[in-house]
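Student: Coordinates only, no sequence provided:
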C-alpha cells in the first residue's frame, strides 16, 4: 500500500492524520500543497476545484478528503 498525503504544515487536521499514520507505522509520502503548485493542482482536480486538506491518495487512485481518524483507520 502506497499513500501520498497532501497537506500544509500549519493545518491541525493534517497533523492529526499524519500522527495516526505514524502511530500505525504506515509509510507515506508527504507533499505540502503550499510549496508545490503541481500538488495543489492535483488536489484541486480531485476535489472539483476545492483545496481541502488533508487529501490522502492511495496508489490505486482512491482518496479521502479531511478524513476523521475512524475513517482513515477503517481504510487502512
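Tutor: Cool, the structure landed. Fair warning: this is a prediction, and the values are worked out from it, not measured in the lab.
Student: ranges for the strands of this structure?
Tutor: Taking DSSP state E to define them, one finds strands in the chain at 3-7, 28-32, 55-58, 63-65.
Student: Out of these, flag the one nearest residue 47.
Tutor: Among these, the nearest to residue 47 by Cβ to Cβ is strand 63-65 (6.2 Å). Yep, even glycine has a C-beta here, placed from its N, CA and C like the rest.
Student: re earlier: pick the most deeply packed of the strands of the chain.
Tutor: Sort these by mean neighbour count, taking mean count of other Cβ atoms under 10 Å, and strand 55-58 sits at the top with a mean of 22.
Student: quick revisit: next, format the strands of the chain as TSV and append distance to residue 43 and mean pLDDT.
Tutor: Formatted as TSV, the entries for the strands of the chain read as follows, by distance: least, Cβ to Cβ, whole Å; pLDDT from 0 to 100:
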stretch	distance to residue 43	mean pLDDT
strand 3-7	5	97
strand 28-32	9	97
strand 55-58	5	97
strand 63-65	9	97
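Student: Among the ones you listed, which comes closest to residue 75?
Tutor: With Cβ to Cβ as the criterion, residue 75 lies closest to strand 63-65 of the strands of the chain, at 6.2 Å.
Student: Enumerate every residue touching the nearest residue to residue 69 once chain neighbours are set aside.
Tutor: Spatial nearest neighbour of residue 69, chain neighbours left out: residue 20 (5.4 Å); criterion: Cβ to Cβ, 6 or more residues apart in numbering. Residues near residue 20 by Cβ atoms under 8 Å, 6 or more residues apart in numbering: 69, 72-73.
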